[in-house]
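> All I have is the shape, not the residue letters:
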Ligand SMILES: Nc1ncnc2c1ncn2[C@@H]1O[C@H](COP(=O)(O)OP(=O)(O)O)[C@@H](O)[C@H]1O
Ligand SMILES: Cc1cn([C@H]2C[C@H](O)[C@@H](COP(=O)(O)O)O2)c(=O)[nH]c1=O
């Protein structure tokens with residue numbers, strides 16, 4: 001019977017003179033919304049799989065509301081939807097138990113991982129030589145690190161800020177995400193609210209009456225995030241008392 005704790009490609013025992021597997025890495029790519037994280041995730045997957053490697057794609061709360069990694073460039077791929085309760089070691093081992101190779105993991109929306117799940121990714125790298133490529137937001141709408149991001153910054157072998165600049169309305173590079181609720185920037189609320197950068201119609205009931213607020217995000221430079229200014233004419237809550 002297959003032991004699910006052992007990857008199907010055996011790791012040479014100590015003293016075995018055959019070439020040891022190349023060391024695996026935990027790589028973390030981060031940035032604000034709309035900087036191309038999901039696009040890069042799909043490009044990495046494409047390049048890895050083209051070399052005959054077998055990957056597993058994970059996501060959590062993709063904007064599409066489907067188990068997908070979807071990029072605004074138009075690409076998308078089916079992924080396994082995980083949540084805070086998912087055991088990532090078990091998930092990969094169940095693939096091995098089913099005879100499927102997992103040479104690498106692509107993890108999108110990695111900011112939503114718990115610190116414990118990030119440690120599981122590190123264990124897969126170190127103990128099982130699985131390469132992990134994680135992609136996520138640097139900071140939340142309050143400009144604070146997400147817990148998953150913080151843990152990735154702490155333990156990843158390689159950390160890269162994505163170089164594609166997202167521009168604030170003023171033309172400066174934008175690194176911070178503002179949450180906009182019914183047209184106004186907010187600074188309190190749940191950490192996780194899945195939404196896009198493009199404004200969408202507010203949710204309505206069958207009669208067409210609004211049942212909730214319209215929520216989207218806007219990338220701003222630090223100055224305009226601090227001031228709460230969403231544009232040259234939109235007032236934003238610039239008058240809000242800052243914490
Ligand atoms: N029509 C387009 N043509 C070229 N690039 C586009 C187009 N639409 C979106 N993009 C690029 O896609 C980026 C967003 O990519 P995406 O992977 O969805 O970002 P993220 O996952 O970081 O939110 C934008 O910053 C822009 O560079
Ligand atoms: C800033 C911030 C974002 N989110 C959500 C909004 C989106 O659903 C995702 C990020 O998607 P992207 O691929 O990077 O565009 O995260 C959130 O839940 N909380 C926040 O503070």
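Looks like it arrived, so ask away. Because the structure is a prediction, the values reported are computed rather than measured. Ligands and ions are numbered 1, 2, ... in the order given.

> So for residue 146, what's the nearest residue that isn't a sequence neighbour?
residue 111 (3.8 Å; CB to CB, 6 or more residues apart in numbering). All C-beta spots, glycine's among them, are computed from the backbone N, C-alpha and C.

> I meant residue 101, not that one.
Among residues not flanking residue 101 along the chain, residue 54 sits closest, at 4.1 Å (CB to CB, 6+ apart).

> The one you found contacts residue 103, doesn't it?
Yes - Residue 54 is in contact with residue 103 according to CB atoms under 8 Å; the separation is 5.1 Å.

> Of those two, which one has the most company?
residue 103 (19 against 14; other CB atoms under 10 Å).

> hang on, the earlier thing: how much space separates the residue nearest to residue 101 from residue 130?
Per CB to CB, to the nearest Å, residue 54 is found 10 Å from residue 130.

> Tell me the residues that contact both of the two, please.
102, 103, 104 (CB atoms under 8 Å, 6 or more residues apart in numbering).

> The second one against residue 51, yeah?
Think residue 103. No - using CB under 8 Å, residue 103 makes no contact with residue 51, being 9.4 Å away.

> Stretch 132-150 and ligand 2, are they touching?
Yes - contact of stretch 132-150 with ligand 2 (CB under 6 Å from any ligand atom) involves 137, 140, 141.

> from what I can see the second one touches residue 146, true?
Yes - with contact taken as CB under 8 Å, residue 140 and residue 146 are classed as touching, separated by 5.6 Å.

> Could you tell me which residues touch both of those two?
111, 191.

> got a list of what the spatially most central residue of the chain touches?
Geometric centre of the chain, nearest residue: residue 109, 1.9 Å, by CA atoms, centre = their mean. Applying CB under 8 Å, 6+ apart, we find residue 109 in contact with 59, 60, 61, 62, 135, 136, 137.

> That one and ligand 1, how far apart?
8 Å (CB to the nearest ligand atom, to the nearest Å).

> Count the neighbours of the nearest residue to that residue once chain neighbours are set aside for me.
Of all residues not flanking residue 109 in the chain, residue 60 sits nearest, at 4.7 Å (CB to CB, 6+ apart). Close neighbours of residue 60, defined as other CB under 10 Å, add up to 24.

> Pretty sure residue 60 sits against residue 79.
No - between residue 60 and residue 79 there is no contact under CB under 8 Å: 9.1 Å.

> Okay, domains of this protein per the record?
26-164, 167-227 (automatic domain parsing).

> and those domains, which is most packed in?
Stretch with highest mean neighbour count among those: domain 26-164 (a mean of 19; mean count of other CB atoms under 10 Å).

> roughly how far out does that one sit from the chain middle?
Centroid separation between domain 26-164 and its chain, computed with CA atoms, centre = their mean, to the nearest Å, is 6 Å.
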